[in-house]
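# predicted model follows, preceded by the sequence.
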Amino acid sequence: EVQLVESGGGVVRPGASLRLSCAASGFNFDDYDMYWVRQPPGKGLEWVAGINWNSYRTGYADSLRGRITISRDNAKNSVFLQMDNLRLEDTALYYCARGVRHSHGNDHWGQGTLVTVSS
Amino acid sequence: QSALTQPPSASGSPGQSVTISCTGTSGDVGRYNYVAWYQQVAGKAPKLLIYEVTKRPSGVPDRFSGSKSVNTASLTVSGLQAEDEGDYYCSSYAGSDTLVFGGGTKLTIL
(Lines give C-alpha, C1' and ligand atoms only; values in the text may rest on other atoms or scores of the structure.)
Protein backbone atom coordinates (compact mmCIF):
# COMPACT_ATOMS: atom_id res chain seq x y z
CA GLU A 1 0.00 0.00 0.00
CA VAL A 2 1.34 3.41 -0.99
CA GLN A 3 1.81 5.67 2.02
CA LEU A 4 3.01 9.25 2.20
CA VAL A 5 3.48 10.75 5.65
CA GLU A 6 4.32 14.43 5.99
CA SER A 7 5.92 16.03 9.01
CA GLY A 8 7.67 19.22 10.03
CA GLY A 9 4.77 21.65 10.11
CA GLY A 10 4.10 23.97 13.01
CA VAL A 11 3.48 27.53 14.15
CA VAL A 12 6.21 30.00 13.24
CA ARG A 13 6.72 33.76 13.10
CA PRO A 14 6.99 35.67 9.82
CA GLY A 15 10.51 35.44 8.47
CA ALA A 16 11.18 32.03 9.99
CA SER A 17 12.21 28.87 8.15
CA LEU A 18 10.76 25.38 8.15
CA ARG A 19 11.77 22.11 6.56
CA LEU A 20 8.95 19.77 5.69
CA SER A 21 9.55 16.07 5.21
CA CYS A 22 7.59 13.34 3.50
CA ALA A 23 8.33 9.69 4.17
CA ALA A 24 7.21 7.36 1.42
CA SER A 25 6.58 3.62 1.56
CA GLY A 26 4.83 0.89 -0.36
CA PHE A 27 6.37 1.60 -3.76
CA ASN A 28 9.71 1.91 -5.50
CA PHE A 29 10.39 5.51 -4.52
CA ASP A 30 13.12 6.25 -7.04
CA ASP A 31 10.81 5.40 -9.94
CA TYR A 32 8.56 8.40 -9.30
CA ASP A 33 8.55 12.17 -9.45
CA MET A 34 7.37 13.79 -6.23
CA TYR A 35 5.50 17.01 -5.52
CA TRP A 36 4.34 19.42 -2.83
CA VAL A 37 0.89 21.01 -3.04
CA ARG A 38 -0.60 23.36 -0.46
CA GLN A 39 -4.09 24.38 0.57
CA PRO A 40 -4.73 27.47 2.69
CA PRO A 41 -7.57 27.05 5.18
CA GLY A 42 -10.91 27.09 3.38
CA LYS A 43 -9.29 27.69 -0.01
CA GLY A 44 -8.22 25.76 -3.08
CA LEU A 45 -5.17 23.74 -4.01
CA GLU A 46 -1.96 25.46 -5.06
CA TRP A 47 0.92 23.62 -6.69
CA VAL A 48 4.17 24.40 -4.85
CA ALA A 49 7.07 22.38 -6.26
CA GLY A 50 8.08 19.18 -7.98
CA ILE A 51 11.21 17.07 -8.35
CA ASN A 52 11.92 14.29 -10.79
CA TRP A 53 13.06 10.82 -9.80
CA ASN A 54 16.80 11.52 -9.83
CA SER A 55 16.66 15.15 -8.62
CA TYR A 56 17.91 16.33 -11.99
CA ARG A 57 14.85 18.44 -12.63
CA THR A 58 12.93 20.65 -10.22
CA GLY A 59 10.09 23.11 -10.70
CA TYR A 60 8.68 25.82 -8.48
CA ALA A 61 5.58 27.97 -8.36
CA ASP A 62 6.43 31.50 -9.45
CA SER A 63 4.87 32.89 -6.27
CA LEU A 64 7.30 30.92 -4.10
CA ARG A 65 10.42 30.75 -6.25
CA GLY A 66 13.45 31.97 -4.37
CA ARG A 67 12.04 31.11 -0.95
CA ILE A 68 11.63 27.36 -1.29
CA THR A 69 13.80 24.38 -2.23
CA ILE A 70 12.60 20.88 -2.96
CA SER A 71 14.95 17.94 -2.54
CA ARG A 72 14.83 14.19 -2.11
CA ASP A 73 16.86 11.36 -0.64
CA ASN A 74 16.13 8.16 -2.53
CA ALA A 75 18.13 6.12 -0.03
CA LYS A 76 15.71 7.25 2.69
CA ASN A 77 12.57 7.26 0.53
CA SER A 78 11.96 10.86 1.47
CA VAL A 79 11.23 14.19 -0.14
CA PHE A 80 11.74 17.54 1.53
CA LEU A 81 10.58 21.14 1.21
CA GLN A 82 12.79 23.84 2.68
CA MET A 83 10.82 27.05 3.17
CA ASP A 84 12.55 30.29 4.09
CA ASN A 85 11.38 33.79 4.94
CA LEU A 86 7.87 32.54 5.64
CA ARG A 87 4.98 34.94 5.22
CA LEU A 88 1.50 35.08 6.70
CA GLU A 89 0.09 33.94 3.35
CA ASP A 90 2.14 30.73 3.49
CA THR A 91 -0.24 29.43 6.15
CA ALA A 92 -1.64 26.24 4.65
CA LEU A 93 -1.90 22.47 4.80
CA TYR A 94 1.06 21.17 2.82
CA TYR A 95 0.51 17.91 0.98
CA CYS A 96 3.16 15.57 -0.37
CA ALA A 97 2.03 13.80 -3.55
CA ARG A 98 3.40 11.15 -5.88
CA GLY A 99 3.48 11.81 -9.57
CA VAL A 100 1.76 9.59 -12.09
CA ARG A 101 4.56 7.57 -13.61
CA HIS A 102 5.86 9.00 -16.89
CA SER A 103 3.12 11.61 -16.80
CA HIS A 104 1.90 14.61 -14.88
CA GLY A 105 -0.70 14.55 -12.17
CA ASN A 106 -0.66 13.15 -8.66
CA ASP A 107 -2.01 9.68 -7.94
CA HIS A 108 -1.30 9.38 -4.24
CA TRP A 109 -1.42 12.03 -1.55
CA GLY A 110 -0.45 12.24 2.09
CA GLN A 111 -2.72 13.69 4.74
CA GLY A 112 -0.75 16.91 4.93
CA THR A 113 1.19 18.85 7.51
CA LEU A 114 -0.11 22.20 8.73
CA VAL A 115 2.09 25.27 8.57
CA THR A 116 0.83 28.32 10.43
CA VAL A 117 2.66 31.61 10.08
CA SER A 118 1.50 34.04 12.72
CA SER A 119 2.88 37.10 14.43
CA GLN B 1 1.50 30.51 -13.88
CA SER B 2 -2.02 31.88 -13.64
CA ALA B 3 -4.57 29.60 -12.04
CA LEU B 4 -6.88 27.74 -14.37
CA THR B 5 -10.47 29.02 -14.36
CA GLN B 6 -13.25 26.83 -13.00
CA PRO B 7 -16.83 27.74 -12.12
CA PRO B 8 -17.13 28.11 -8.34
CA SER B 9 -20.14 25.84 -8.12
CA ALA B 10 -22.12 23.19 -9.97
CA SER B 11 -25.09 21.07 -9.02
CA GLY B 12 -27.27 18.23 -10.19
CA SER B 13 -29.82 15.73 -8.98
CA PRO B 14 -29.08 12.06 -8.44
CA GLY B 15 -28.92 10.22 -11.73
CA GLN B 16 -28.27 13.34 -13.77
CA SER B 17 -25.03 14.38 -15.43
CA VAL B 18 -22.97 17.47 -14.74
CA THR B 19 -19.98 18.92 -16.59
CA ILE B 20 -17.33 21.10 -14.98
CA SER B 21 -15.12 23.24 -17.17
CA CYS B 22 -11.49 24.21 -16.70
CA THR B 23 -10.15 27.02 -18.86
CA GLY B 24 -6.47 27.67 -19.29
CA THR B 25 -4.30 29.12 -22.01
CA SER B 26 -2.31 28.05 -25.03
CA GLY B 27 0.63 27.67 -22.64
CA ASP B 28 -0.92 25.02 -20.45
CA VAL B 29 -4.24 23.29 -21.19
CA GLY B 30 -4.04 24.13 -24.89
CA ARG B 31 -0.46 23.00 -25.29
CA TYR B 32 -0.21 19.79 -23.31
CA ASN B 33 -2.41 16.71 -22.93
CA TYR B 34 -1.57 16.60 -19.24
CA VAL B 35 -4.81 17.71 -17.67
CA ALA B 36 -5.81 15.98 -14.45
CA TRP B 37 -8.94 16.12 -12.31
CA TYR B 38 -9.24 15.58 -8.57
CA GLN B 39 -12.08 15.09 -6.13
CA GLN B 40 -11.74 16.35 -2.58
CA VAL B 41 -14.36 15.55 0.00
CA ALA B 42 -14.46 17.51 3.23
CA GLY B 43 -11.42 17.01 5.42
CA LYS B 44 -9.76 14.54 3.08
CA ALA B 45 -6.80 14.61 0.74
CA PRO B 46 -7.55 15.00 -2.97
CA LYS B 47 -8.18 11.88 -5.03
CA LEU B 48 -7.07 11.55 -8.64
CA LEU B 49 -10.01 10.96 -10.99
CA ILE B 50 -8.59 11.65 -14.45
CA TYR B 51 -5.08 12.15 -15.86
CA GLU B 52 -3.81 12.89 -19.34
CA VAL B 53 -7.20 14.46 -20.18
CA THR B 54 -9.14 11.21 -20.48
CA LYS B 55 -7.43 8.39 -18.56
CA ARG B 56 -8.91 6.95 -15.37
CA PRO B 57 -6.76 5.36 -12.67
CA SER B 58 -7.82 1.91 -11.65
CA GLY B 59 -10.74 1.99 -9.25
CA VAL B 60 -12.28 5.20 -10.55
CA PRO B 61 -15.79 4.54 -11.89
CA ASP B 62 -16.41 5.13 -15.59
CA ARG B 63 -19.09 7.63 -14.56
CA PHE B 64 -16.19 10.07 -14.51
CA SER B 65 -14.89 11.14 -17.90
CA GLY B 66 -12.65 13.88 -19.23
CA SER B 67 -12.25 15.76 -22.46
CA LYS B 68 -10.52 18.80 -23.89
CA SER B 69 -11.13 21.32 -26.63
CA VAL B 70 -8.49 23.95 -27.38
CA ASN B 71 -7.82 25.70 -24.06
CA THR B 72 -10.71 24.23 -22.09
CA ALA B 73 -10.85 20.86 -20.39
CA SER B 74 -14.00 19.35 -18.99
CA LEU B 75 -14.96 16.75 -16.43
CA THR B 76 -18.31 15.02 -16.81
CA VAL B 77 -19.86 13.11 -13.96
CA SER B 78 -22.69 10.88 -15.15
CA GLY B 79 -25.28 9.16 -13.01
CA LEU B 80 -24.72 11.52 -10.10
CA GLN B 81 -24.65 9.93 -6.67
CA ALA B 82 -24.80 11.51 -3.24
CA GLU B 83 -21.19 10.46 -2.61
CA ASP B 84 -20.04 12.61 -5.53
CA GLU B 85 -20.61 15.77 -3.52
CA GLY B 86 -17.38 17.62 -2.88
CA ASP B 87 -14.81 19.92 -4.43
CA TYR B 88 -13.34 19.23 -7.84
CA TYR B 89 -10.03 20.61 -9.09
CA CYS B 90 -8.34 20.50 -12.44
CA SER B 91 -4.63 20.81 -13.03
CA SER B 92 -2.44 21.11 -16.07
CA TYR B 93 1.22 20.83 -16.90
CA ALA B 94 2.42 24.33 -17.75
CA GLY B 95 5.90 23.67 -19.08
CA SER B 96 9.32 24.03 -17.46
CA ASP B 97 8.50 21.35 -14.90
CA THR B 98 5.60 23.30 -13.43
CA LEU B 99 1.95 22.52 -12.83
CA VAL B 100 -1.02 24.78 -12.23
CA PHE B 101 -4.35 24.10 -10.53
CA GLY B 102 -7.79 25.49 -11.08
CA GLY B 103 -9.60 27.37 -8.35
CA GLY B 104 -11.95 24.48 -7.67
CA THR B 105 -15.65 23.77 -8.19
CA LYS B 106 -18.00 22.82 -5.40
CA LEU B 107 -20.39 20.13 -6.62
CA THR B 108 -23.68 19.91 -4.79
CA ILE B 109 -26.05 16.98 -5.20
CA LEU B 110 -29.58 18.30 -4.95
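Nice, I can see it.
# which residues of chain A lie near chain B?
Within chain A, the positions lying close to chain B (C-beta under 8 Å from any C-beta of the partner chain) are A:35, A:37, A:44-47, A:50, A:52, A:57-63, A:95, A:100, A:103-112. For glycine as for every other residue, the C-beta is placed from the backbone atoms N, C-alpha and C.
# list buried residues within those.
The neighbour-count test (16 or more other C-beta atoms under 10 Å in any protein chain shown) marks A:35, A:37, A:44-47, A:50, A:58-61, A:95, A:100, A:104-110, A:112 as buried among the residues of chain A next to chain B.
# so which of the residues you listed belong to strands?
When DSSP state E defines the strands, the subset of those inside them is A:35, A:37, A:46-47, A:50, A:58-60, A:95, A:106-109.
# what sits closest to the most centrally placed residue in chain B if chain neighbours are left out?
Centroid-nearest residue in chain B: residue B:37, 3.5 Å away (criterion: C-alpha atoms, centre = their mean). Excluding the flanking residues, the one nearest residue B:37 by C-beta to C-beta, 6 or more residues apart in numbering or on different chains is residue B:50, at 4.1 Å.
# for chain B, just list every one of the helices.
Ranges of helices in chain B, per DSSP state H: none exist.
# and the longest strand for it?
From DSSP E, the single longest strand across chain B is strand B:86-93.
# no further queries at this time; thank you.
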